[in-house]
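> A predicted structure for the sequence below; I have some questions about it.
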Amino acid sequence: MRKELEKTYNPKEIEDRLYEMWMEKGYFHAEVNENKNPYTIVIPPPNITGQLHMGHALDNTLQDILIRFKRMQGYETLWMPGTDHASIATEAKIVEAMKEEGLTKEDIGREAFLDRAWAWKEKFGGRIVSQLKKMGSSCDWERERFTMDEGCNRAVNEVFVKYYEKGLIYRGERIINWCPHCLTTISDAEVEYEDQKGHFWHLRYPFKDGSGAVELATTRPETLLGDTAVAVNPNDDRYKDLVGKTLILPIVHREIPLIADDYVDMEFGTGVVKITPAHDPNDFEVGSRHDLPIINVMTDDAKITDDYPAYAGMDRYEAREAIIKDLEKEGALIKTEDHDHNVGTCYRCGTTVEPRVSKQWFVKMEPLAKPAIEAVKKGETKFVPEHFDKTYFHWLENIRDWCISRQLWWGHRIPAYYCDDCGEMVVTKNGRPTCPKCGKPMRQDPDTLDTWFSSALWPFSTLGCLDGLSRQKSLSIFIRQIHL
């Protein structure tokens, strides 16, 4: 009997049945094959924050075209699928969903919150996988991975401990980006800048000896509470004879020095700047060079600390208005000018980011950046188009240490442990130890790692170079040719 073709294409009738046949016959599965050249694409794992959009559809279509083309050319092809836990974004989604139930993280505790997070992963991670299959993506689904699965977690701990032992990871106090709403550090890449209307407040800082005053301007008078110096350029003839003198900080009446530092731009404003090491990244560097005190004047949610009773508990913007009034009363406010400036905001919630000094975990970037720079300069790695090497060099040659700790519950927990009895700290990949000094139980660091610490390891942890799983180790041959 002859079968007539339908007049219109019916995807429901064709596509699911065809995809099931491909899966049953193992057309997308890859194995180590010494007789074939490998060709591997490690999927940029989509975040489990919801579902795929048109951008994902385009990106995955392009990857599928490459994989299918190479497969037809006779390569042993592997398209490695998986999803990303996306710690801050996913946690924000879960917290938002809990609000509708009248619940907070603190109400239910860490373990119950993580149960909800894993349930979220099953729901939305599963939806993403279904969408990829619906598009006909020819991934090797037998090797599907998740950035927080057991193997990836072992890889993260392995690398963290190795870098710590090499001195490339350390815990210390440095300036970081802090979101007062999400209550966590965020990376430079997670800060979005927007133009905001503001002001320049011109202030008068008098000398202790009564010999006059210096004038400076600031966009953030509320941070005046944490000033520990005023700076001028050492080559500025206007102030050369004043360097080393003592100033009186307005309204706080703390004595602070007038210092000289090349950071100050002689041509900008009066050529005088206030230095607040705890609340400005450039001021922090100046403070480090001059061994200045670091005074944090804000709480985690950007309220003024109890150290300043007149403003204690005020939100930073409420405190700004109160401080401006007090400066005016004291005769320290010279004038106010309108000023538009770029302000950093949290990419997730839009809250203005607060630079602040905090004790966190960091990766030393300079030793890692040097060989990466050399690889491009020597031609071992090339950019297409070539002009992108300028952006690359600018980034790596000016890179700061990477803050990798996050005050979140959803993510890879930092493998550091503390003894509350004797103060000992142990970094280990082998789970919770007893204190090597006093034998008491140790508690694990409550923070998790920046998502990119694990995402950056994705090609290595999924292809068996780090996680110790024998099945995955057998795949390490595929890493010979990876296209990200």
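Sure thing, it's come through.

> so T381 sits against I373, correct?
No. Between T381 and I373 there is no contact under C-beta atoms under 8 Å: 10.0 Å. For every residue, glycine as well, the C-beta is placed using N, CA and C.

> these two - which one has more neighbours?
I373 (16 against 12; other C-beta atoms under 10 Å).

> and the more buried one, what does it touch?
393, 396-397 (C-beta atoms under 8 Å, 6 or more residues apart in numbering).

> any chance of TSV for those, columns distance to V357?
Below are the contacts of I373 laid out as TSV (distance: C-beta to C-beta, whole Å):
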residue	distance to V357
F393	29
L396	25
E397	25
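
> between these, which sits nearest G464?
L396 (28.8 Å; C-beta to C-beta).

> wait, the closest one sits on E374?
No. L396 is not in contact with E374 according to C-beta under 8 Å; the separation is 10.3 Å.

> more neighbours, the two?
L396 (16 against 11).

> remind me which helix or strand that one belongs to.
According to DSSP states H and E, L396 maps onto helix 388-397.

> swap in E158?
Residue-wise, E158 maps onto helix 150-165 under DSSP H and E.

> so what's the residue lying closest to F124 once chain neighbours are set aside up against?
Distances taken as C-beta to C-beta, 6 or more residues apart in numbering place I48 nearest to F124, at 4.7 Å, with adjacent residues excluded. Neighbouring residues of I48 by C-beta under 8 Å, 6+ apart: 83-86, 90, 120-121, 124-125, 128.

> among the residues you listed, which lie within helices?
90, 120, 128 (DSSP state H).

> closest one to G431 out of those, please.
T90 (24.8 Å).

> name the helices or strands packed onto the helix holding E158?
Judged by 3 or more C-beta pairs under 8 Å, 6 or more residues apart in numbering; DSSP states H and E, helix 150-165 is in contact with strand 145-146, strand 169-179, strand 425-427, helix 451-455, helix 458-462.

> so what's L203 bridging to?
For L203, the beta-bridge partners are L216, L333 (DSSP bridges).

> so it sits right up against L249, yeah?
No. Here L203 lies out of contact with L249, judged by C-beta under 8 Å, at a distance of 10.0 Å.

> more neighbours: which of the two?
Each of L203 and L249 has its neighbours counted (other C-beta under 10 Å); L203 has more, 23 against 20.

> next one, pLDDT for that one please.
Listed pLDDT for L203 reads 97.

> residues in contact with it?
L203 touches 215-218, 221, 224, 250, 274, 327, 332-334, counting by C-beta under 8 Å, 6+ apart.

> with distance to M442, neighbour count and pLDDT as added columns, please give the residues you listed in CSV.
Below are those laid out as CSV (distance: C-beta to C-beta, whole Å; neighbours: other C-beta atoms under 10 Å; pLDDT from 0 to 100):
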residue, distance to M442, neighbour count, pLDDT
E215, 53, 14, 96
L216, 48, 22, 96
A217, 50, 21, 94
T218, 44, 18, 95
P221, 44, 25, 95
L224, 41, 23, 96
P250, 47, 22, 97
K274, 42, 25, 97
L327, 49, 19, 97
A332, 50, 22, 97
L333, 52, 19, 97
I334, 55, 15, 96
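
> ok, E328 - contacts?
E328 neighbours (C-beta under 8 Å, 6+ apart): none.

> next, the buried residues of stretch 323-339.
For stretch 323-339, the neighbour count (16 or more other C-beta atoms under 10 Å) marks 323-324, 326-327, 332-333 as buried.

> so what's the gap between that stretch and the chain middle?
36 Å (C-alpha atoms, centre = their mean, to the nearest Å).

> contacts for the strand or helix carrying D59?
Following DSSP H and E, one finds D59 within helix 54-72. Helix 54-72 has contacts (C-beta under 8 Å, 6+ apart) with 39, 41, 43-44, 46, 52, 77, 79, 131-132, 135-138, 483.

> how does it look with 7 Å?
39, 41, 43, 46, 77, 79, 132, 135, 137-138 (C-beta atoms under 7 Å, 6 or more residues apart in numbering).

> how about stretch 403-415?
85, 87-88, 90-91, 105, 110, 113-114, 117, 148, 153, 156-157, 160-161, 176, 183-185, 187, 360-363, 427-429, 444-445, 447-451, 453-454.

> do the same with stretch 416-427
161, 164, 415, 428, 432-433, 435-438, 440, 442-445.

> can you do 8 Å?
160-161, 164-165, 171, 361, 415, 428, 432-433, 435-438, 440, 442-445.

> so how far does that stretch reach from one end to the other?
Criterion C-alpha to C-alpha, to the nearest Å; first-to-last residue distance in stretch 416-427 is 4 Å.

> what's the average pLDDT for it?
Rounded mean pLDDT across stretch 416-427 is 95.

> what's the answer for stretch 26-43, then?
For stretch 26-43, the mean confidence score works out to 92.

> buried residues in it?
For stretch 26-43, using 16+ other C-beta under 10 Å, the buried residues are 28, 30, 38-43.

> please apply the same query to stretch 131-141.
Under 16+ other C-beta under 10 Å, the buried positions of stretch 131-141 are 131-133, 135, 137-140.

> what does stretch 64-73 give?
Quick answer for stretch 64-73 (16+ other C-beta under 10 Å): 64, 67, 70-71.

> now it, how far from the chain's geometric center?
That offset, for stretch 64-73, works out to 35 Å (C-alpha atoms, centre = their mean).

> for that stretch, list the C-alpha coordinates in CSV.
In CSV, the C-alpha atoms belonging to stretch 64-73 read as follows (Å, rounded to 0.1, in the frame of the first residue of the first chain):
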residue,chain,number,x,y,z
ASP,A,64,25.4,20.6,17.1
ILE,A,65,26.3,21.6,13.6
LEU,A,66,30.1,21.3,14.4
ILE,A,67,29.6,17.9,16.2
ARG,A,68,27.5,16.4,13.4
PHE,A,69,29.8,17.6,10.7
LYS,A,70,32.9,16.1,12.4
ARG,A,71,31.0,12.9,13.2
MET,A,72,30.3,12.5,9.5
GLN,A,73,33.9,13.2,8.7
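
> of the contacts of I48, closest to W458?
Of those, the one sitting nearest to W458 (C-beta to C-beta) turns out to be D84, at 8.0 Å.

> okay, that closest one and Y27: tell me how far apart.
Counting by C-beta to C-beta, to the nearest Å, the gap from D84 to Y27 is 26 Å.

> thinking again about what came up before, if any of the contacts of stretch 403-415 are buried, put those into a ChimeraX selection.
In ChimeraX syntax, the buried subset of those is picked out as below (16+ other C-beta under 10 Å):
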select :85,87,88,90,91,105,113,117,148,153,156,157,160,161,176,184,185,187,360,361,362,363,427,429,445,447,448,449,450,451,453,454
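
> pick out whichever of the buried residues of stretch 64-73 sits closest to T352.
Looking across the buried residues of stretch 64-73 and measuring by C-beta to C-beta, the closest to T352 is D64, at 41.2 Å.
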